[in-house]
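1. fold the following.
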Amino acid sequence: MKLGAALALALLAAALHYGLSQPARQALVRDGDTQRRLRAERRDIERRLVPLQRSEAARARALVVLPAASLQDGQELPALRRLLLANVERFRVGRVKLGVRPGQGDSLAAFSLSFEGDLDTLLLAASEVGSRSGVVLSRARFSPSGSAVALELDGFLPRLSR
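-> Next comes the predicted model:
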């Protein structure tokens, strides 16, 4: 009798294991795989979205700083030159060189800007140029220059779509 009850309990435990817990474990593994796949998709979408958000933010800043309605055709380059120089002149930097040229594709104008100073001042000036002028910085390069540090910035003014 005890052997029969033990055998019945063992069969019941095996039936519960294979009937309930095994399928639940498989569903849990399947759901975990789905969750990992969805997280990877979300990270991929976020990674692709960041440059678009930056570009859109630059366009919004450019609309505030350089309203397209106030610029006649051909006036974008002098306006960008004045704006960049005004941003840099607020800092104690030297040997300022600026080149502005017409842009291509999605850029209205492109520029190369270089100047020298101490590192903290250069970081502030670069931040100011990038955040307040509505331009997109595409490259920044620091290099030693005598007792100072030189900073070269390349960037562009995005074409404003209205």
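
2. what does the model give residue 162 for pLDDT?
-> As predicted, residue 162 sits at a pLDDT of 45.

3. oh sorry, the question was meant for residue 146
-> Note on residue 146: pLDDT of 79.

4. around it, how many other residues sit close by?
-> By other CB atoms under 10 Å, the residues close to residue 146 number 7. Using the backbone N, CA and C atoms, a C-beta is placed for each residue, glycine as well.

5. for residue 18, same thing?
-> By other CB under 10 Å, 10 other residues sit near residue 18.

6. give the next helix or strand downstream of whichever helix or strand residue 11 is part of.
-> Assessed by DSSP states H and E, residue 11 sits inside helix 2-16. Moving toward the C-terminus from helix 2-16, the next helix or strand (DSSP H and E) is helix 22-65.

7. run through the residues that contact residue 146.
-> Contacts for residue 146 (CB atoms under 8 Å, 6 or more residues apart in numbering) come out as none.

8. thinking again about what came up before, next, the angle helix 22-65 makes with the helix holding residue 11.
-> Orientation check (axes from the mean of the first three to the mean of the last three CA atoms, to 10 degrees): helix 2-16 against helix 22-65 gives 30 degrees.

9. now helix 2-16: mean pLDDT?
-> For helix 2-16, mean pLDDT is 79.

10. how far does it sit from its chain's centre?
-> Remark: helix 2-16 is offset 62 Å from the chain centroid, using CA atoms, centre = their mean, to the nearest Å.
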